[in-house]
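Peer 1: 3D, please:
(one chain, ligands or ions: 1)
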Amino acid sequence: MNVLITGGIGVNGAMTARLMVKESLRPVLLDNRMDLSLMRDIQGQVDCVEADVCDQQALEKIVDDYKVTHIAHLAALMPEPAEANPRLGIKVGVDGTVNVLEVARAKNIKRVVFTSSKAVYGEILGEYAPPNCKPVREDFPKHPADLYGTIKVCCEEVGKYYRETYGIEFIALRYVSIYGPGKEARHGPLSFYGQLIEKARRGEKWLVPQGGDQLNDAVYVGDVARSIYLAVKAERPGESVFNIGTGKASTPRDFLDAASKIFPNHRIELGPGPSKLGRSKQSYCVFDISAAKKHLGYEPSYDVEQGVKDYVETLNRVGR
Ligand SMILES: NC(=O)c1ccc[n+]([C@@H]2O[C@H](COP(=O)([O-])OP(=O)(O)OC[C@H]3O[C@@H](n4cnc5c(N)ncnc54)[C@H](O)[C@@H]3O)[C@@H](O)[C@H]2O)c1
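Peer 2: Numbering: from 1, shown residues only. Next up, the predicted model:
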């Protein structure tokens with residue numbers, strides 16, 4: 001199995017590459033920005049290629065050069081940059097995905113795994129919202145509330161078309177909120193959990209007046225990596241869209257408590273109650289992950305404490 005990871009040096013890509021290296025693979029990482037700071041520990045065990053995911057010729061050449069058999073397609077713009085430049089957000093998101101699928105079609109690549117998001121569901125209210133957090137399944141109605149979610153829905157639909165028309169095994173993994181090393185630097189305020197951990201690590205003073213009790217499903221990037229790896233290698237799974245999370249609610253307080261065990265002298269003050277820091281539409285929720293368990297063998301292996309510990313250890317290892 002020769003795997004190409006687009007967006008491969010980003011937060012999720014770097015951890016996915018690290019897991020694949022552990023599984024004795026040598027993934028090819030395509031990215032249009034060669035910031036290798038998250039992969040210093042595995043740099044010699046992967047191939048990094050600078051290219052734009054929208055460049056079909058470049059993609060075809062990479063597939064040929066490295067005899068790529070599977071693609072994990074992660075390259076995308078995050079919500080803020082996409083909203084700041086909608087044309088570019090749509091180009092990288094939608095055109096980039098079509099490009100990956102066209103190359104898969106031309107080069108007989110059977111499987112494309114796509115990283116989608118809970119943003120496809122949009123606002124999550126009523127019994128599905130905290131405090132009840134009835135688990136959200138894959139058949140929850142899709143009403144994206146922002147451009148990012150709209151792009152993800154569009155990519156999923158295009159992927160479905162290629163699956164039904166050309167037989168490409170397109171698998172969409174929809175993620176809850178993800179936390180992982182490098183998030184604070186790359187995604188800034190979008191990463192509240194990452195900020196809590198990294199500011200505690202730096203001993204930075206931070207006063208957050210409220211939000212400590214906000215219930216939400218937040219998954220560690222180590223489990224994200226595992227889900228991508230499982231989806232890449234699964235024998236023709238019975239479903240093609242999977243919700244990926246922990247299946248449980250945690251709170252920012254849980255994260256700060258876990259960080260406090262490692263950095264007892266941190267200078268963060270976190271007030272109680274629900275968060276006012278999220279994006280405008282409420283999307284805190286918990287995912288039902290039973291389909292991923294059944295069809296992919298996915299099982300989250302990091303609770304908050306283990307996730308925070310690995311987050312810090314990984315930052316230390318890559319020298320950030
Ligand atoms: N972080 C989350 O909470 C979250 C949640 C759900 C889904 N996802 C999805 O997971 C995927 C990876 O996200 P991440 O958190 O690692 O983000 P990231 O920003 O760290 O990584 C994305 C990578 O894509 C690259 N990229 C952007 N435009 C490109 C282009 N034109 N050509 C080639 N590479 C390009 C970037 O340089 C970056 O390294 C994305 O598809 C994202 O939408 C993330």
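Peer 1: every contact and neighbour count from this point should use C-alpha atoms.
Peer 2: OK.
Peer 1: please enumerate the strands of the chain.
Peer 2: Applying DSSP state E to the chain gives strands spanning 3-6, 28-31, 47-50, 70-73, 111-117, 169-175, 177-179, 206-208, 218-220, 241-244, 268-270.
Peer 1: Serialize those to CSV and add fields for mean neighbour count, distance to the ligand and mean pLDDT.
Peer 2: Compiled in CSV, these are given as follows (neighbours: other Cα atoms under 10 Å; distance: least, Cα to the nearest ligand atom, whole Å; pLDDT from 0 to 100):
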stretch, mean neighbour count, distance to the ligand, mean pLDDT
strand 3-6, 26, 6, 98
strand 28-31, 24, 4, 98
strand 47-50, 17, 8, 97
strand 70-73, 25, 7, 98
strand 111-117, 24, 4, 98
strand 169-175, 24, 4, 98
strand 177-179, 24, 4, 95
strand 206-208, 13, 21, 95
strand 218-220, 27, 9, 98
strand 241-244, 27, 9, 98
strand 268-270, 17, 21, 96
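Peer 1: which of those sits closest to M20?
Peer 2: Among these, strand 3-6 comes nearest to M20, with 8.9 Å by Cα to Cα.
Peer 1: one step back: now the strands of the chain as CSV including distance to V92?
Peer 2: Below are the strands of the chain laid out as CSV (distance: least, Cα to Cα, whole Å):
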stretch, distance to V92
strand 3-6, 11
strand 28-31, 12
strand 47-50, 15
strand 70-73, 11
strand 111-117, 13
strand 169-175, 17
strand 177-179, 21
strand 206-208, 34
strand 218-220, 25
strand 241-244, 21
strand 268-270, 37
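Peer 1: relative to E156, which of these is closest?
Peer 2: Nearest to E156, of all these, is strand 169-175, at 6.6 Å by Cα to Cα.
Peer 1: low-confidence ranges, the chain, go.
Peer 2: When residues are selected by pLDDT under 70, those of the chain lie in 188-189, 277-280, 320.
Peer 1: output the set of residues of it in proximity to the ligand.
Peer 2: By Cα under 6 Å from any ligand atom, the residues of the chain that approach the ligand are 7, 9-13, 31-33, 51-54, 74-78, 92, 115-117, 175, 177-178.
Peer 1: among those, which are in helices?
Peer 2: Among the residues of the chain next to the ligand, the members falling in helices (DSSP state H) are 11-13.
Peer 1: now list the buried members of the residues you listed.
Peer 2: In terms of neighbour count (16 or more other Cα atoms under 10 Å), the buried residues within those are 11-13.
Peer 1: what about the helices in this structure?
Peer 2: Counting by DSSP H, the helices of the chain are 11-22, 56-65, 79-84, 86-90, 96-106, 147-166, 183-187, 192-202, 221-233, 252-262, 290-296, 304-317.
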